[in-house]
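Chemist: model the structure of this input:
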Amino acid sequence: MFIKKTQYTALDSQSEHSNDETQLEGSPHRVRYILPFLRYILLVAMIVSCSVLSFHVGSQRTALRHPLCDESMSTIPLSIRPHTLTYQRPFADDPALRPTDIWDTIFPNNGTVGGYFSHPTIAPQRSTFSAFHQLHCLHAIREAYYDAINTSESRHSHSSHANMPSHTSPAHIRHCIDLIRQSLMCYADTTIEVKDEEINGVRGFGTVHMCRDWSGLVRWTEETQEKYGMGETLKGV
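Modeler: Just a heads-up that it's a prediction; the model follows:
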């Protein structure tokens with residue numbers, strides 16, 4: 001559907017559950033070279049994750065409804081059940097570490113025929129779900145991050161993650177990628193996005209979503225911090 005097929009090269013084998021804090025010795029010069037790439041990718045990731053999660057979290061439970069969303073939800077029989085998120089590193093690793101991309105397994109038909117569909121009532125035109133589109137965007141960020149790292153490492157014989165800022169290190173980015181992936185799958189936004197033949201895909205923007213009030217969440221948090229503090233001790237209790 002959306003997943004770009006990566007060209008893979010043979011790399012040294014690595015345990016899927018190895019310690020993400022393991023670091024290699026290397027050159028600070030390489031780190032200075034790659035930082036602009038990582039800052040750009042991190043900025044894109046922050047924008048995507050914040051906007052996507054704030055726009056669609058709770059779309060199934062909000063009191064305000066939209067006719068298209070109501071129709072979509074009533075047509076698709078999805079159960080809601082508790083699920084504890086656990087770190088699954090293979091989904092966050094460099095795609096080049098494996099001959100086939102494990103991300104294909106989370107899309108319909110293992111990503112072989114795409115996630116587009118049509119339906120007589122909710123999608124008379126070729127469409128897909130926002131959840132698939134959002135995961136596609138996250139996958140693109142994952143590939144861009146590792147492309148930047150691998151490009152830099154190919155130009156510098158001595159690479160190092162030890163000198164990288166912790167918030168842009170592979171260990172932290174792996175954590176971020178898999179947390180956002182599982183959150184998107186947990187909320188499974190079933191908003192219908194109609195395919196735009198002009199771009200041979202979906203744009204995402206311009207589609208009505210039923211959203212929880214992000215400003216209200218920020219305001220509630222600020223008021224609670226002011227009243228009770230930020231976790232050290234509760235005031236007035």
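Chemist: mind naming the longest strand for this protein?
Modeler: In terms of residue count, the longest strand belonging to the chain (DSSP state E) is strand 123-129.
Chemist: helices or strands up against that one?
Modeler: Using 3 or more C-beta pairs under 8 Å, 6 or more residues apart in numbering; DSSP states H and E, the elements in contact with strand 123-129 are strand 117-119, strand 192-194. The C-beta positions use only the backbone N, C-alpha and C, and glycine is treated the same way.
Chemist: ok, the last one: who's next to it in the sheet?
Modeler: Right, the one you point to is strand 192-194. strand 123-129 (antiparallel) (DSSP bridges).
Chemist: which SSE is immediately downstream of the strand or helix carrying I149?
Modeler: Assigned by DSSP states H and E, I149 belongs to helix 130-155. Scanning forward in sequence from helix 130-155 by DSSP H and E, the next helix or strand is helix 170-187.
Chemist: angle of that following helix against helix 130-155?
Modeler: 170 degrees (axes from the mean of the first three to the mean of the last three C-alpha atoms, to 10 degrees).
Chemist: in helix 170-187, which residues are buried?
Modeler: Using 16 or more other C-beta atoms under 10 Å as the test for burial, helix 170-187 gives 170, 172-174, 176-178, 180-184, 187.
Chemist: pLDDT wise, what is the closest residue to P124 other than its chain neighbours at?
Modeler: Spatial nearest neighbour of P124, excluding adjacent residues (C-beta to C-beta, 6 or more residues apart in numbering): S118 at 6.5 Å. The model reports S118 with a pLDDT of 92.
Chemist: do you know which of the helices and strands packed on strand 123-129 lies nearest L135?
Modeler: strand 192-194 (12.6 Å; C-beta to C-beta).
Chemist: check which element follows the closest one along the chain.
Modeler: helix 214-228.
Chemist: what about the residue nearest to P124, how many neighbours?
Modeler: Counted with other C-beta atoms under 10 Å, the neighbours of S118 add up to 11.
Chemist: against H209, how distant is it?
Modeler: Note on S118: its distance to H209, by C-beta to C-beta, to the nearest Å, is 21 Å.
Chemist: quick one, grab the pLDDT at the residue lying closest to D196 once chain neighbours are set aside.
Modeler: The shortest distance from D196 to any non-neighbouring residue, by C-beta to C-beta, 6+ apart, is to R203 (5.6 Å). Listed pLDDT for R203 reads 92.
Chemist: wait, R203 sits on K195?
Modeler: No: with contact defined as C-beta atoms under 8 Å, R203 does not count as touching K195 (9.4 Å).
Chemist: what helices or strands is the helix holding I149 leaning on?
Modeler: Contacts defined by 3+ C-beta pairs under 8 Å, 6+ apart place helix 130-155 against helix 28-56, helix 170-187, strand 192-194.
Chemist: buried residues in that helix?
Modeler: Quick answer for helix 130-155 (16+ other C-beta under 10 Å): 130-139, 141-143, 145-149, 152-153.
Chemist: and stretch 92-110, by the same measure?
Modeler: Of all the residues in stretch 92-110, those buried under the rule 16+ other C-beta under 10 Å are A92, D93, D94, P95, A96, L97, D101, W103, I106, F107.
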